[in-house]
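# Return a 3D structure for these sequence lines:
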Amino acid sequence: MDLGIIIRDLRVERDVLSVAIECLEGLARHGGKRRGRPPAWLKGIGQISRHPEGLPENRPVEVAKNPASQRVAMAMAPRLERAAGL
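Got it, this is the predicted structure:
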């Protein structure tokens, strides 16, 4: 066993651990819920789909309050159905 290789490997592990510790310390400092846009480094964490199999078939239909909203809802219905089928 070469001591140089062991020392190099331990330094690499130390660097990885220091980055992990810094991330955890950052999360601990900002422990409460934040308002606004999340930081870029936290963007991909915790993105969970609410409906992994798509939208439920028996979801309630919303009734539009005015004619303009009703026309928009009627125009969007086919798009939403196509998106749910993906």
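# which phi and psi does Pro39 have?
Main-chain dihedrals, Pro39, degrees, to the nearest 10: phi -60, psi 160.
# For it, give its distance to Leu27.
11 Å (Cβ to Cβ, to the nearest Å). C-beta: built from backbone N, CA, C; applies to glycine.
# got the buried residues for the longest helix that the chain contains?
Scanning the chain for the longest helix, with DSSP state H as the assignment, gives helix 3-29. Residues of helix 3-29 classed as buried: none (neighbour count, 16 or more other Cβ atoms under 10 Å).
# Please shift the residue numbers so they start at 55 in all later answers.
Sure, I'll start counting at 55 from here, so that last one is helix 57-83.
# Quick check: next helix or strand after it?
Using DSSP states H and E, the helix or strand that follows helix 57-83 in sequence is helix 121-139.
# where are the low-confidence patches of this protein?
Applying pLDDT under 70 to the chain picks out residues 85-88, 95-119, 140.
# Understood, closing this out.
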